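Novice: generate a structure from the sequence data that follows.
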Amino acid sequence: MPSVAKHFTLGKNERLKSRKQIERLFKNGQRFVSPPFRVFYSFENAQQSNILTSSVAACFLQAGFGASSRIFKKAIDRNRIKRLAREAYRLQKNTLQDKLKEQNRKLNVFFIYTGKELPMYSDVYNSINKALTKLLEIGNKKI
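Specialist: Okay, here's the model as predicted:
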């Protein structure tokens with residue numbers, strides 16, 4: 001079992017950064033709303049995801065975060081929202097990640113903040129929790 005510090009990290013290979021993957025996720029993936037986030041996701045078998053390098057393909061769960069520049073004009077506000085969302089996700093992703101490893105499936109997920117004002121961390125944490133719970137339920141149905 002990995003150490004506690006390693007268990008709660010959000011490494012470079014766990015972030016959804018490939019433009020091709022993000023475009024494919026928005027075009028072909030499913031979505032749902034967990035206010036104030038819109039969540040895009042797509043499941044695939046781990047064997048099918050040989051598109052990128054082996055270190056990224058070995059990661060079963062990749063996530064990205066965004067906030068609208070139309071609503072939040074200042075980059076500092078957008079960056080704060082993304083930072084809060086990443087932190088809430090980082091602390092709660094482990095149950096979903098373990099389930100995906102067990103099923104040998106890969107999940108790409110992207111969270112877009114759609115609220116109109118800057119959120120409190122507790123609101124972001126609860127919303128991310130609801131979204132991850134829903135993703136866990138959806139993943140269990142698709143077996």
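
Novice: how far off centre is the longest helix seen in the chain?
Specialist: The single longest helix within the chain, with elements called by DSSP state H, is helix 121-141. Remark: helix 121-141 is offset 10 Å from the chain centroid, using CA atoms, centre = their mean, to the nearest Å.

Novice: for that helix, C-alpha coordinates in CSV please.
Specialist: Provided in CSV are the C-alpha atoms of helix 121-141 (Å, rounded to 0.1, in the frame of the first residue of the first chain):
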residue,chain,number,x,y,z
TYR,A,121,-14.3,25.8,-0.6
SER,A,122,-17.0,23.8,1.3
ASP,A,123,-19.5,24.3,-1.6
VAL,A,124,-16.9,23.1,-4.1
TYR,A,125,-16.0,20.1,-1.9
ASN,A,126,-19.6,19.0,-1.6
SER,A,127,-20.3,19.5,-5.3
ILE,A,128,-17.2,17.5,-6.3
ASN,A,129,-18.2,14.8,-3.8
LYS,A,130,-21.7,14.5,-5.4
ALA,A,131,-20.1,14.4,-8.9
LEU,A,132,-17.6,11.7,-8.0
THR,A,133,-20.4,9.6,-6.3
LYS,A,134,-22.5,9.9,-9.5
LEU,A,135,-19.5,8.8,-11.6
LEU,A,136,-19.0,5.8,-9.3
GLU,A,137,-22.7,4.9,-9.8
ILE,A,138,-22.5,5.3,-13.5
GLY,A,139,-19.3,3.2,-13.7
ASN,A,140,-20.9,0.4,-11.7
LYS,A,141,-23.9,0.4,-14.1
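
Novice: give me the residues contacting stretch 120-134.
Specialist: 32, 34-37, 39, 81, 84-85, 87-89, 91-93, 95-96, 111 (CB atoms under 8 Å, 6 or more residues apart in numbering). Every C-beta, even on glycine, is put in place using the N, C-alpha and C of the backbone.

Novice: pLDDT on that stretch, on average?
Specialist: The pLDDT scores in stretch 120-134 average 96.
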